[in-house]
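*Asks:* Below is the sequence, then the predicted model.
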Amino acid sequence: MLRFTFLFLLSVPSVQVSFAQSEQSMIKETHEALSHIYDSLNGDEWDDNSGWDVEIVPATMSSFNNWYGITVYGEEDDSLRIDLSDNNLKGEPSSFNLPDNHIGTLTSLTHLDMSDNKIEQWGQFRLNNPNLKVLNLSDNSFGLGFFSNRLESFLDDKVLLNLEVLDLSDNGIIDRIPVKWGDMKNLRVLDLSNNEISSSIPVEIGNLTNLRELNLSKNTIGRVGFGSDKIPAEIGNLSNLEILNLSDNLFTGSIPAEIGNLSNLEILNLSDNLFTGNIPRDFVNLSNLEILDVGGTSNELTGSIPPELGSTNLRILNLEWNKLTGNIPPQLGNLSNLEVLNLGGTSNRLTGSIPPELGGTNLRILNLEWNDLEGNIPPELGNLSNLDTLNLFRNEFTGSIPRSFLNLQLMEFRWALNDGLCAPPDEEFQGWLDGFTSVGPTCISTVSVEESNSGLPMHFALHGSLPIMMNRDSEYEVSGTLFLEK
């Protein structure tokens with residue numbers, strides 16, 4: 001027993017020495033990489049470079065915590081985060097180029113955020129960091145350095161296996177989405193928005209089953225001659241997806257019904273594309289959906305609004321500028337959290353009346369302009385206490401604007417060009433209308449006429465309302481045939 005204890009004690013110093021050597025090696029590696037970042041990206045001009053005394057090698061890894069934007073963490077101080085976002089970094093990072101690739105070989109690096117800077121021309125930039133989980137290089141200017149399959153090579157295969165967040169948005173990148181990115185099985189966020197990506201979405205994207213957010217908006221995906229202009233059906237395999245934004249591209253054809261398989265989806269933005277066909281009724285399965293936007297001036301969806309949308313959790317529904325027909329489904333009144341309903345635009349041609357059930361929602365914005373809706377305005381809209389924008393412009397509504405509108409605190413109210421729709425003439429309602437720029441007709445419920453030779457009395461009751469386009473501060477002479485009673 002004594003011999004075993006003695007041998008064990010003899011081995012402890014060697015372990016400590018080994019650990020110390022390992023830490024010193026990590027300190028040297030980290031210091032060299034950070035020093036190259038500082039020198040190549042004009043560290044002297046950063047908004048905050050406090051603690052960055054690159055001439056002195058720190059004694060411990062934890063000492064790097066005194067450098068702005070650097071966090072060392074983990075049980076043995078063996079993990080490194082670099083966050084230099086929005087810090088006036090600029091230039092061409094030679095430290096990222098091969099073969100002098102200091103930052104790209106930092107084994108301790110788990111998070112790298114250099115977003116919102118002025119970094120240009122990444123050249124032979126390549127990351128080999130096996131423990132890297134978060135990479136955010138968004139909102140820089142290195143697009144000219146990413147073309148001709150550069151996205152294919154700048155991430156080593158071992159990086160693909162562990163990466164959870166990849167954000168390269170707002171860079172003007174001219175390239176295609178690599179097929180091998182389908183191997184990023186742990187990826188939760190992929191944001192390539194606001195670039196110049198023209199190629200089609202590879203079907204392998206359906207392998208990213210842990211993906212929570214996919215944002216490919218503001219590209220030119222679907223451009224003629226650069227692959228398919230359709231959304232691949234495999235996107236329906238992303239069962240954990242919560243945000244899907246493919247807006248402002250050149251997608252054509254029908255919206256894939258497979259999107260209805262994404263039961264965890266909360267935000268779906270397909271606006272400003274070239275979609276045709278109907279809104280899929282499979283969206284009934286999207287019980288968690290809060291935002292649906294298929295508007296924009298270039299989509300041309302046809303058919304009716306699926307009543308199944310009333311089974312979702314929508315807060316925002318934007319269907320403007322399509323070619324939709326039919327009635328507004330009363331089932332939309334089931335959406336108690338609905339804040340924005342936009343069915344306007346000159347190309348939609350919805351008919352029927354406004355469902356009174358909409359009065360049970362939480363609408364802030366209701367846009368129904370440029371349709372063929374008719375009938376009376378339901379007084380239930382006066383229950384929308386949070387409504388601040390109501391646009392009924394250019395429809396075929398008739399009757400009087402409900403007096404319940406006096407309950408509304410509207411910032412904007414447009415109701416002109418509705419033949420037969422008029423406003424109550426009393427002083428209270430006319431005062432409520434003051435301040436709105438869209439002027440419509442005023443209802444007249446009583447008129448005065450001079451006594452005729454037939455001996456009729458001078459005042460008569462007028463059945464119904466007489467809409468007359470008039471200035472509320474002026475007087476007009478009414479002529480024509482009136483149906484009067486004694």
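*Replies:* Looks like it arrived, so ask away.
*Asks:* Give me the below-cutoff pLDDT ranges for the stretch 101-250 of the chain.
*Replies:* 101, 121-124, 143-149 (pLDDT under 70).
*Asks:* can you give me the helices for it?
*Replies:* 150-153, 157-162 (DSSP state H, counting those that start in this stretch).
*Asks:* can you list those in JSON lines and add mean neighbour count and distance to Arg212?
*Replies:* All C-beta atoms are positioned from the backbone trio N, CA, C, and that covers glycine. Shown next, in JSON lines, are these (neighbours: other CB atoms under 10 Å; distance: least, CB to CB, whole Å):
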{"stretch": "helix 150-153", "mean neighbour count": "17", "distance to Arg212": "21"}
{"stretch": "helix 157-162", "mean neighbour count": "15", "distance to Arg212": "16"}
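*Asks:* what's near enough to touch Leu317?
*Replies:* 292, 309, 332, 335, 338, 340-342 (CB atoms under 8 Å, 6 or more residues apart in numbering).
*Asks:* What separation do you get for it and Leu417?
*Replies:* 24 Å (CB to CB, to the nearest Å).
*Asks:* Equivalent analysis for Leu301, please.
*Replies:* For Leu301 relative to Leu417 (CB to CB), the value is 25 Å.
*Asks:* Between the two, point out the one with more neighbours.
*Replies:* More neighbours surround Leu301 than the other of Leu301 and Leu417, with 22 against 16 (other CB atoms under 10 Å).
*Asks:* For the residue lying closest to the more buried one once chain neighbours are set aside, grab the count of nearby residues.
*Replies:* Distances taken as CB to CB, 6 or more residues apart in numbering put Asn322 closest to Leu301, at 4.2 Å, once the chain neighbours are dropped. Using other CB under 10 Å, Asn322 has 26 neighbouring residues.
*Asks:* on that earlier part again, quick one, which of the helices of the stretch 101-250 of the chain gets closest to Ile201.
*Replies:* helix 150-153 (13.6 Å; CB to CB).
*Asks:* Name the residues that touch that closest one?
*Replies:* Here helix 150-153 has contacts from 126, 173, 175-178, 180, using CB under 8 Å, 6+ apart.
*Asks:* Most neighbours among the contacts of Leu317, please name it.
*Replies:* That'd be Leu338 among these, by other CB under 10 Å, with 26 neighbours.
*Asks:* which residues sit in contact with it?
*Replies:* By CB under 8 Å, 6+ apart, the neighbours of Leu338 are 314-317, 332, 361-363.
*Asks:* May I see the PyMOL selection of the buried members of the residues you listed?
*Replies:* The PyMOL command for the buried members of the contacts of Leu338 (criterion: 16 or more other CB atoms under 10 Å) is given here:
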select buried, resi 314+315+316+317+332+361+363
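*Asks:* As TSV, the contacts of Leu338 with pLDDT, distance to Pro441 and secondary structure would be great.
*Replies:* Shown next, in TSV, are these (pLDDT from 0 to 100; distance: CB to CB, whole Å; DSSP: H, G, I helix; E, B strand; the rest coil):
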residue	pLDDT	distance to Pro441	secondary structure
Leu314	98	34	coil
Arg315	98	35	coil
Ile316	98	33	strand
Leu317	98	31	strand
Leu332	98	29	helix
Thr361	98	28	coil
Asn362	98	31	coil
Leu363	98	25	coil
